[in-house]
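1. Take this sequence and fold it.
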Amino acid sequence: MPTAKTVILCAGDFPRHPVPLAILEQAERVVCCDSAAEGLLAWGRQPDCVIGDLDSLSPNLRQQLNDCIVHVAEQETNDLAKAFRHCLAQGWNDIVVLGATGKREDHTLANISLLADFSLLCPNINMVTDQGLFLPLNESGTVPCRPGQAVSIFNFNPQQELTSEGLLYPLKNLRLTRWWQATLNTALGDEFSLKMTGQGTVLVFLKH
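-> Numbers count the residues shown, from 1 in each chain. Predicted coordinates:
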């Protein structure tokens, strides 16, 4: 199970699975994206920081959480990106993102794709959902897993070739031009490896 000192809690579906809930409970600090603070308070924990353009935070909560609010008015990036930049500015680079999926599919896709960008500045960042773990890789390496675990791979550089060892359906110098092309695979053992040619970010999804 991933652990982190800092959780960024997005305003998607609040976690229900034991894995993300344990991460949330053990985190030293929780940075909420705007209205995600409502779900955290209902769960019984006070946010350490609430950040965003505050367009979806109720006036009552703005007043209640005034001491921990960081208002960022710009509209060039979403609240997750604002929270990520704030965390790095504070020196908080041990980060797990929760609550990033659900409610709206466009927000879900945007949040998942942002993970690839964030990993260039914060290599240890990952995203945990009620279904599994998104792990970014920026170079060839080995991924711990369990035999029979469901695995999907998404590549953000279609010019990059991927080769795998330890998956039921091996990748052999494969260039992924569509997100579906390396999904729904299965791990054969306790780890599998990915060899990447060139530069680019790969997101590995491991089902709980």
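
2. Confirm for me that residue 197 is in contact with residue 155.
-> No: if you go by CB atoms under 8 Å, residue 197 and residue 155 don't touch, sitting 11.2 Å apart. (C-beta placed from N, C-alpha, C; glycine too.)

3. Between the two, which has more neighbouring residues?
-> Neighbours were counted for residue 197 and for residue 155 using other CB atoms under 10 Å; residue 155 has more, 26 against 14.

4. hang on, isn't that one packed against residue 171?
-> No: with contacts counted by CB under 8 Å, residue 155 stays clear of residue 171, the gap being 9.7 Å.

5. what's the neighbour count on the residue nearest to residue 182 when sequence neighbours are not counted?
-> The spatially closest residue to residue 182, leaving aside those adjacent along the chain, is residue 153, at 4.0 Å (CB to CB, 6 or more residues apart in numbering). By the criterion of other CB under 10 Å, residue 153 has 23 neighbours.

6. Please work out which residues outside the helix or strand in which residue 153 is found touch it.
-> In the assignment (DSSP states H and E), residue 153 maps to strand 150-155. Strand 150-155 has contacts (CB atoms under 8 Å, 6 or more residues apart in numbering) with 132, 145, 162, 164, 167, 171, 175-176, 179, 182-187, 192, 194, 200-207.

7. Give me the buried positions along the least confident helix or strand in the chain by mean pLDDT.
-> Here the helix or strand of the chain ranked lowest by mean pLDDT, DSSP states H and E is helix 59-64, holding a mean of 82. For helix 59-64, a neighbour-count test (16 or more other CB atoms under 10 Å) marks residue 61 as buried.
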